[in-house]
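Chemist: next come a sequence and a model predicted from it.
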Number of protein chains: 2
Amino acid sequence: MTEQTESEKHEKIPAWCAGESWCPVTATANIISKKWHPVIIHRLLDAGSAGFNELKKDVGGVSSKVLSESLEDLEEKGVVKREVISEKPFRVKYSLTERGEDLDDTISSMVEWGRDNLKEAESEEKSII
Amino acid sequence: MTEQTESEKHEKIPAWCAGESWCPVTATANIISKKWHPVIIHRLLDAGSAGFNELKKDVGGVSSKVLSESLEDLEEKGVVKREVISEKPFRVKYSLTERGEDLDDTISSMVEWGRDNLKEAESEEKSII
DNA sequence: CGGCATCCACATGGATACTG
DNA sequence: CAGTATCCATGTGGATGCCG
């Protein structure tokens, strides 16, 4: 790929991507483009923090395995923070890092967009067709 | 923060989700949670419109098959609009619908977040570890 | 140019059971 | 409570080739 002999138009690929092999959109997408990631982050933004099963309930419909994997993934990416708050009755607490909380804008706009467009889409869809 | 008596915590699941089986975050996530969707939308936001191969180049690294599937998917979801602008030299034009353009907030915040967090993350990552 | 058809590899995630 | 361990079904996407 990257054959730029033909047009210059493609040289432009907006400033933030120019010359670099990575792209903010793609990079961010890699983080939130997993089925449960956005919801998990959203729930944590809302609750502040939560235990494993608590979060599992809040998210709704996710299996232990997947939630576990997702949290681990988000932790690696510096978005989620995991703390063991008690050993005897073993308890952990998941919360967002600052970086994770900065995703508020993105998540919020997703919520907003969803509310504005998808909700009506469901009903419109049936009447339009 | 926001520590409640853990019992009433679960009943609440924010207003916009209460009692309903769907959730704006999840719904929106279903639309942008495919590998190339965010980038495609972003490129269209930036370029206004583009032909198939043009878009393919701008996106970068996507195969015809996947781009085709993605566009079809986004079209079904009312985010992307496809117009045949010429039959003889066969040409189409992809652009965003209004609904698609409304995703600007989301995509922009993703870009911003990516620039702020991921870029530095790459270099920090190495110095921190 | 703008795709679709195929094949195939691997990622993702659901169900279920079990553990410290 | 907070996960792991399996197994398996499906999703997702890359490579390649062909077609109108």
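Modeler: Cool, got the structure.
Chemist: helix, strand, or coil at the closest residue to DNA strand C within chain A?
Modeler: Residue nearest to DNA strand C within chain A (CB to the nearest atom of the strand): residue A:35, separated by 2.8 Å. Just so you know, the C-beta spots here come from the backbone N, C-alpha and C atoms, and that holds for glycine as well. Three-state assignment for residue A:35 (DSSP: H, G, I helix; E, B strand; the rest coil): coil.
Chemist: correct me, but it touches residue B:34?
Modeler: No. Between residue A:35 and residue B:34 there is no contact under CB atoms under 8 Å: 10.4 Å.
Chemist: burial measure for the residue nearest to the residue of chain A closest to DNA strand C when sequence neighbours are not counted, as a count.
Modeler: Using CB to CB, 6 or more residues apart in numbering or on different chains and skipping the chain neighbours, the partner closest in space to residue A:35 is residue B:33 (6.4 Å). Other residues within reach of residue B:33, judged by other CB atoms under 10 Å in any protein chain shown, total 18.
Chemist: now do the phi/psi pair for residue B:33.
Modeler: phi -90, psi 40 (degrees, to the nearest 10).
Chemist: which parts of chain A sit against DNA strand C?
Modeler: A:34, A:35, A:36, A:61, A:62, A:63, A:64, A:65, A:66, A:69, A:70, A:90 (CB under 7 Å from any atom of the strand).
Chemist: tell me how far the second one lies from residue B:32.
Modeler: Between residue A:35 and residue B:32 the distance is 12 Å, computed by CB to CB, to the nearest Å.
Chemist: related to what we said a few turns ago, quick one: buried ones out of the residues of chain A next to DNA strand C?
Modeler: For the residues of chain A next to DNA strand C, a burial check counting by 16 or more other CB atoms under 10 Å in any protein chain shown picks out A:34, A:36, A:62, A:70.
Chemist: show the contacting residues for the third one.
Modeler: When contacts are counted by CB atoms under 8 Å, 6 or more residues apart in numbering or on different chains, residue A:62 touches A:36, A:39, A:56, A:70.
Chemist: hmm, 6 Å instead?
Modeler: residue A:36 (CB atoms under 6 Å, 6 or more residues apart in numbering or on different chains).
Chemist: how about the last one?
Modeler: For residue A:70, the residues meeting the contact criterion (CB under 6 Å, 6+ apart) are A:36, A:37, A:40.
Chemist: secondary structure element holding the last one?
Modeler: Which is residue A:40. Taking DSSP states H and E as the criterion, the element that holds residue A:40 is helix A:37-47.
Chemist: on that earlier part again, for the residue of chain A closest to DNA strand C, give me phi and psi.
Modeler: According to degrees, to the nearest 10, residue A:35 has phi -30, psi -50.
Chemist: from residue B:83, how far off is it?
Modeler: Counting by CB to CB - residue A:35 and residue B:83 are separated by 32 Å.
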